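S.K.: My questions are about this predicted structure, shown below with the sequence.
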Amino acid sequence: MVVIRLTRGGAKKRPFYHIVAAHKQNRRDGQFIERLGYYNPIAAENEVGLKLAAERVEFWKQQGAALSPTVARLLKQQAGAQPAAA
């Protein structure tokens, strides 16, 4: 089964996460299928803290991929932050 989840990067006490599609059996920071974006929880005001390819996430969801709870929260947060198309 494919799951969309976070993999941790960055230095000690300075986390940085990649959002990836990976097989559920693989380790957290192990092999993945596709990188879908990133999340920087300690981004400064002038930096982008969350970048996510929403169309690729939708593609993987249609293929049966499950979202981790954290990725689901981030996706909802990103959708709420973008203005609605007129």
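M.R.: Structure received. Quick caveat: nothing in here was measured; it's all calculated off a predicted structure. Numbers count the residues shown, from 1 in each chain.
S.K.: Give me the contact list for the strand or helix carrying Leu74.
M.R.: Using DSSP states H and E, the element containing Leu74 is helix 69-81. With contact meaning CB atoms under 8 Å, 6 or more residues apart in numbering, helix 69-81 is reached by 4-6, 19, 39, 50, 52, 54, 57, 67. Where you see a C-beta, it was placed from the backbone N, CA and C, and this is true even at glycine.
S.K.: Can you show me the CA trace of it as CSV?
M.R.: Presented in CSV, the C-alpha positions along helix 69-81 are these (Å, rounded to 0.1, in the frame of the first residue of the first chain):
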residue,chain,number,x,y,z
PRO,A,69,-2.7,12.5,9.7
THR,A,70,0.0,15.2,9.5
VAL,A,71,0.0,15.4,5.8
ALA,A,72,-3.8,15.6,5.8
ARG,A,73,-3.6,18.5,8.2
LEU,A,74,-1.0,20.3,6.1
LEU,A,75,-3.1,19.8,2.9
LYS,A,76,-6.1,21.2,4.6
GLN,A,77,-4.0,24.1,5.9
GLN,A,78,-2.7,24.9,2.4
ALA,A,79,-6.1,24.7,0.9
GLY,A,80,-7.4,27.2,3.5
ALA,A,81,-4.5,29.6,3.0
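S.K.: what about it, average pLDDT?
M.R.: On average, the pLDDT along helix 69-81 is 88.
S.K.: how much space between Val57 and Phe32?
M.R.: Val57 sits 14 Å away from Phe32, going by CB to CB, to the nearest Å.
S.K.: higher neighbour count, the two?
M.R.: Val57 (21 against 18; other CB atoms under 10 Å).
S.K.: which residues does the more buried one contact?
M.R.: Val57 neighbours (CB under 8 Å, 6+ apart): 4, 36, 67, 75.
S.K.: Please, which helix or strand holds the residue positioned nearest the centre of the chain?
M.R.: Centroid check for the chain by CA atoms, centre = their mean gives Ile19 as the closest residue, at 3.0 Å. Per DSSP H and E: Ile19 is located in strand 14-23.
S.K.: what's the following helix or strand after that strand?
M.R.: Following strand 14-23 in sequence, per DSSP H and E, is strand 34-39.
S.K.: Send over that next one as PDB, restricted to the C-alpha atoms.
M.R.: Below are the C-alpha coordinates for strand 34-39, written out as PDB (Å, rounded to 0.1, in the frame of the first residue of the first chain):
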ATOM      1  CA  GLU A  34       8.000  10.400  -5.600                       C
ATOM      2  CA  ARG A  35       8.700  13.700  -3.700                       C
ATOM      3  CA  LEU A  36       5.600  15.800  -3.600                       C
ATOM      4  CA  GLY A  37       6.700  18.900  -1.700                       C
ATOM      5  CA  TYR A  38       8.300  20.000   1.600                       C
ATOM      6  CA  TYR A  39       7.400  21.500   5.000                       C
END
